[in-house]
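[1] I would like to see how this sequence folds:
(one chain, ligands or ions: 1)
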Amino acid sequence: MYTCSLARLQNKIDTFKTFGDTGTGGITRLSLSQEALAAREEFVKRCKAMGMQVKTDDMANLYATLPGGEDLPGFVMGSHLDSVINGGNYDGVLGVLTAMEVAETIWTEKIRTRRPVTVMVWTNEEGSRFEPAMMSSGVVTGKFDKARALASTDGKGVRFEDALEASGYKGAAENRLGAQGYAGYFELHIEQGPVLEMENKDIGVVEGVVGMVNYTVTVKGVSDHAGTTPQKTRKDALYAASQLILLLWARLSKLDPELVFTTGKIHVSPNIHTVIPKLVEFSLDARHKDPNVIAQAVEVIRNLPETLSGCQISAAENWGRKTVLFDAGYVNAVEEAAKEAGYSYRRIYSGAGHDAQYVADILPATMIFVPSVGGHSHCVEEFTPTEACLNGANVMLNAILATDKL
Ligand SMILES: [Zn+2]
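    Got it, this is the predicted structure:
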């Protein structure tokens, strides 16, 4: 079994931490910002030093490739270098750095692979500067309309298309990831949740990405004076909404222990302290790997009372996503590699979205999770010890080498 280098991986993590360093232990590296471009430059420099061929596609996704011994479609390992505002040093970037480390191990150990091995950087995964999230993987896999993506603007009015042109990384559409030149896709990522740590597992063998639904619940009441209206005659939309949220918690909690649901957004109108609220809209996000459980959650939402405390209730679906299942052969390869290395592991579903879920539509794909200390992510507390990151890199390397033999 081959192993990657801890010292080299540490050096990569330490170097990439500097691009967008906020001075508080985290980074702000928005897509195509100066900080993100500096990280790309370092990526390209390091890949070229290994003799890798570097190209970009029309969404500025980066591909750095080590040649294979035979004329076969290659493996891709990818993730993203952009972060949220005040994000951590592991989300996305770790998938790129471990992929670089896997390539560097193949190169320094002179491992002869039959297939080419590509390290990939996706443009704008987070969607923090330009909406939506997972923009480029969405465009490349035909999920999103490219013209709409190009028209997306950041908070300062800069169009994504202009940022793309100015970046110097815009390439040809024919360079896009696709079933033509590529055999399959691996993405290493931090778990961004507490399960692996809680269960003391080194590796998450990711079987898929959970399906979800997103609803808006609307509660209509009547606005009146906060001082002159007796409690008994009020139609207070916020009071009714509070009852509904408690009702949803009570009913959804009974469905399945793995169902997660969130009311993360609430809008109160008129939102004045002397006026009884006449309108409340709140979000409900529910996620589970089993479509039947999602269907039950939807039933609960649809069966909310039509009226409550004198207010009118309605619920509308905004969008949903089906559970994405990763390629069984690739999932098994990851599990076998973890087993052979003697790492503890468990099968797991991702509760968060990743580029790999779109890639799974066009190529065999899977993901490898490493534990997040305290389950923290999208914050400066985000941390995974380098030894734990290295475990993931070793699994990715050996899963690829095993699949390359097939
Ligand atoms: Zn990520």
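[2] which parts of the longest helix seen in the chain are buried?
    In the chain, assigned by DSSP state H, the helix with the most residues is helix 386-404. By neighbour count with 16 or more other C-beta atoms under 10 Å, helix 386-404 contains the buried residues 386, 388-401, 403-404. Where you see a C-beta, it was placed from the backbone N, CA and C, and this is true even at glycine.
[3] repeat that for stretch 347-356.
    By neighbour count on 16+ other C-beta under 10 Å, the buried set for stretch 347-356 is 348-356.
[4] repeat for stretch 232-243
    Buried residues in stretch 232-243 (16+ other C-beta under 10 Å): 234-243.
[5] so what pLDDT did residue 128 get?
    Note on residue 128: pLDDT of 94.
[6] if I look at it, how far off is residue 31?
    Using C-beta to C-beta, to the nearest Å, residue 128 is found at 7 Å from residue 31.
[7] the more surrounded of these two?
    Comparing residue 128 with residue 31 by other C-beta atoms under 10 Å, the one with more neighbours is residue 31, at 27 against 20.
[8] quick check: the gap between that one and the ion.
    12 Å (C-beta to the ion, to the nearest Å).
[9] quick check, that residue in contact with residue 130.
    Yes: using C-beta atoms under 8 Å, residue 31 is in contact with residue 130, at 6.2 Å.
[10] what residues do these two have in common as contacts?
    124, 163 (C-beta atoms under 8 Å, 6 or more residues apart in numbering).
[11] what residues does the chain have near the ion?
    Residues of the chain lying near the ion by C-beta under 5 Å from the ion: 91-92.
[12] grab the most central residue of the chain for me.
    With distances taken as C-alpha atoms, centre = their mean, residue 354 lies nearest the centre of the chain, 3.2 Å away.
[13] and the pLDDT for it?
    Looking at residue 354, the pLDDT reads 97.
[14] likewise for the one 4 residues further on?
    Model confidence at residue 358, expressed as pLDDT, equals 97.
[15] can you pull the phi/psi pair for it?
    Torsion angles at residue 358 (phi, psi; degrees, to the nearest 10) stand at phi -80, psi -40.
[16] OK, contacts around it?
    Applying C-beta under 8 Å, 6+ apart, the residues near residue 358 are 134, 137-138, 140-141, 143.
[17] how far away is it from the ion?
    According to C-beta to the ion, residue 358 and the ion sit 13 Å apart.
[18] where's that residue relative to residue 116, distance?
    Taking C-beta to C-beta as the measure, residue 358 and residue 116 are separated by 22 Å.
[19] got it, and residue 229?
    Separation of residue 229 from residue 116 (C-beta to C-beta): 72 Å.
[20] the more surrounded of the two?
    More neighbours surround residue 116 than the other of residue 229 and residue 116, with 22 against 16 (other C-beta under 10 Å).
[21] what's the pLDDT at that one?
    98.
[22] what sits against it?
    65-68, 72, 74-75.
[23] how about a cut-off of 10 Å?
    Residue 116 makes contact with 52-53, 65-76, 181-183 under the criterion C-beta atoms under 10 Å, 6 or more residues apart in numbering.
[24] residue 167 now?
    Residues counted as contacts of residue 167 (C-beta under 10 Å, 6+ apart) are 31-33, 36-37, 40, 56, 60, 123.
[25] and these, which of them are in helices?
    Among the contacts of residue 167, the members found in helices (DSSP H) are 36-37, 40.
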